[in-house]
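[1] coordinates only, sequence not included:
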Ligand SMILES: Cc1cc2nc3c(=O)[nH]c(=O)nc-3n(C[C@H](O)[C@H](O)[C@H](O)COP(=O)(O)OP(=O)(O)OC[C@H]3O[C@@H](n4cnc5c(N)ncnc54)[C@H](O)[C@@H]3O)c2cc1C
Ligand SMILES: [Zn+2]
């Protein structure tokens, strides 16, 4: 079972969380008219086999959005930090 | 050259006791080919077979990292059907089903197609309306479809839960009689044997680690067994599509997710059809050995571990018991996971890439097994003609840029919700 260490609630089963998205993606600025930027943001994925940074929301806990480091080849997780504090 | 399989050959071997010869040649890589296909799954082997059989290309190699059949072609739940509703998909999957119907003869290999019929259930009047619409679209395209009322379903599937307190009451369903199952391993072995007989080299335990780039063109591949040159290279690596494409500098609209499948202990013949639950993504059939084979949704976050998460076992078992309460005490014999190449609209890609000489077949999500013959057929055409086969024009890699997402279920641009 994948376990996520929430900075508020401690280590919990991943089923308490909702997966968000790849956290390495940068949302283009609002009003940015360059559609190719939006295309890349919405549709393209690095999809690495290895370290991955991603958002999870602790929906059945503190409801905060977290940023988690996880290795997609092993599912070993690293630190989870509050997404708003995350140094992306 | 392998001898033809027939009833006579079977009797001869039974009497003589001589071992059967290898079904396909163990090949060493040549320095150059006319075409190289990366990935010895069902799609890669089918592509190589059709390159040789339909397009007369005999200097073709399939490069497989492990052994053939070790990927999703040997891990899926073996369902084949053609009940799609968007123009393009409808015709493509029907072409595939027609190829399945003749495949054992084409390949001289019994792929054990069993057209036992698939029933998709409706659990409310509006869901039945949706199925009626889908059935009408299929019939307008000359594909068989029958709308079932509750009474019909009760007669055909008497063991489902029809009790008044049932959480998801059954209102009816849509039946495609020509749908069914195929022995998945036999598909890999049958295509491999037939391709090998036509001169295709099937090279196992050889991983592609890079591309040979010649003035912006893909001119071959670097592998763990050395460099192999080819003016045309096709990528057909399912869950590893992003990884192999990245070796050519391409970033794909693909994310890799795990899908699990489950088999129970063997029981006497019980589930005669393929049944799809309408309240959740869940489908069940019974294998020839007697085990109930079923699967559900992907795990929900990207992963290459090929090892599923436990909570999914519970969700899928809940679906099984909600649909067929009498199987609640059956034990699960095995469960496993495969790495699925998920796309933002649930549809795959077959076509050219921005790199000349490099072609992509991938992003098959849940539907790649039933697509195997047609995907191989159309991908071979695309490679041989350097132009997409008419049946797969809508599955081009740049469709999102052009605003032509192809979302059969209308779920939006989320790989993990498809
Ligand atoms: C549990 C499960 C159930 C499914 N059920 C169904 C179903 O009922 N019906 C249906 O239609 N579809 C189903 N699918 C989907 C279907 O199995 C796949 O879409 C399809 O098999 C993918 O094509 P393939 O057979 O060529 O893939 P694979 O068999 O995975 O072939 C890809 C091959 O590429 C090789 N490879 C990867 N990287 C490299 C490299 N660098 N160099 C060389 N080789 C490489 C891999 O080793 C692998 O053998 C299911 C999938 C799963 C996981
Ligand atoms: Zn929390």
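    Noted; the coordinates are in hand. Values in this document were obtained by computation on a predicted structure and should not be read as measured data. Ligands and ions are numbered 1, 2, ... in the order given.

[2] Tell me how far whatever residue of chain B ends up closest to chain A lies from ligand 2.
    Nearest residue of chain B to chain A, counting by CB to the nearest CB: residue B:242, 3.8 Å away. Using the backbone N, CA and C atoms, a C-beta is placed for each residue, glycine as well. Residue B:242 is 31 Å from ligand 2, where distance means CB to the ion, to the nearest Å.

[3] Check the closest residue to ligand 2 within chain B and give its pLDDT.
    Chain B approaches ligand 2 most closely through residue B:301 (17.2 Å), counting by CB to the ion. pLDDT, residue B:301: 96.

[4] what's it in contact with, if anything?
    Residue B:301 sits next to A:2, A:14, A:19, A:54, B:257, B:416 when contact means CB atoms under 8 Å, 6 or more residues apart in numbering or on different chains.

[5] Apply 10 Å and report the result again.
    By CB atoms under 10 Å, 6 or more residues apart in numbering or on different chains, residue B:301 lies in contact with A:2, A:14, A:17-21, A:52, A:54, A:56, A:68, A:70, A:72, A:75, B:255, B:257-258, B:309, B:416.

[6] returning to what we had before: so the residue of chain B closest to chain A sits right up against residue B:255, yeah?
    Yes. Between residue B:242 and residue B:255 there is a contact at 7.5 Å, judged by CB atoms under 10 Å.

[7] Name the residues contacting each of those two.
    Common contacts of residue B:242 and residue B:255 (CB under 10 Å, 6+ apart): A:44, A:45, A:46, A:47, B:302, B:341, B:363.

[8] Let's have those in CSV, adding distance to residue B:150 and neighbour count.
    Output for the shared contacts of residue B:242 and residue B:255, formatted as CSV (distance: CB to CB, whole Å; neighbours: other CB atoms under 10 Å in any protein chain shown):
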residue, distance to residue B:150, neighbour count
A:44, 46, 19
A:45, 43, 22
A:46, 48, 13
A:47, 44, 27
B:302, 40, 26
B:341, 38, 25
B:363, 37, 28
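
[9] Please narrow those residues to those residing in strands.
    Under the assignment DSSP state E, these contribute residue B:341 to strands.

[10] Determine which two of the shared contacts of residue B:242 and residue B:255 are furthest apart.
    The most widely separated members of these, counting by CB to CB, are A:46 and B:363 (15.5 Å).

[11] So which residues of chain A form helices?
    According to DSSP state H, chain A carries its helices in the segments A:35-43.

[12] Low-confidence ranges, it, go.
    Low-confidence segments of chain A (pLDDT under 70): A:87-88.

[13] Pull up the residues of it that are close to chain B.
    A:1-2, A:13-15, A:17-22, A:35-36, A:38-40, A:42-50, A:52, A:54, A:56, A:68, A:70-76 (CB under 10 Å from any CB of the partner chain).

[14] Any chance of a ChimeraX selection covering the buried ones in these?
    Command for ChimeraX, covering only those of those found buried under the criterion 16 or more other CB atoms under 10 Å in any protein chain shown:
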select /A:2,14,15,17,18,19,20,21,22,39,40,42,43,44,45,47,48,49,52,54,56,68,70,71,72,75
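
[15] so which of the residues of chain A next to chain B also contact ligand 1?
    Among the residues of chain A next to chain B, no residue sits close to ligand 1 (CB under 6 Å from any ligand atom).

[16] if I look at the residue of chain B closest to ligand 2, how far off is residue B:62?
    Distance, residue B:301 to residue B:62, by CB to CB, to the nearest Å: 31 Å.

[17] can you list the shared contacts of residue B:242 and residue B:255 in JSON lines and add distance to residue B:154?
    JSON lines is the format used below for the shared contacts of residue B:242 and residue B:255 (distance: CB to CB, whole Å):
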{"residue": "A:44", "distance to residue B:154": "48"}
{"residue": "A:45", "distance to residue B:154": "45"}
{"residue": "A:46", "distance to residue B:154": "50"}
{"residue": "A:47", "distance to residue B:154": "45"}
{"residue": "B:302", "distance to residue B:154": "41"}
{"residue": "B:341", "distance to residue B:154": "39"}
{"residue": "B:363", "distance to residue B:154": "39"}
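
[18] element containing the residue of chain B closest to chain A, please.
    Per DSSP states H and E: residue B:242 is located in helix B:241-246.

[19] Just the mean pLDDT for that helix, thanks.
    Mean predicted confidence for helix B:241-246 is 98.

[20] again with stretch B:70-78
    On average, the pLDDT along stretch B:70-78 is 97.

[21] quick one, what contacts the residue nearest to the spatial centre of chain B?
    Centroid-nearest residue in chain B, with CA atoms, centre = their mean: residue B:369, separated by 1.3 Å. Residue B:369 makes contact with B:41-43, B:72-73, B:75-80, B:96, B:181-182, B:184, B:187, B:375, according to CB under 10 Å, 6+ apart.

[22] ok, the helix or strand harbouring it near ligand 1 or not?
    In the assignment (DSSP H and E), residue B:369 maps to helix B:368-385. Yes. Counting by CB under 6 Å from any ligand atom, ligand 1 has neighbours in helix B:368-385: B:368, B:369, B:370.
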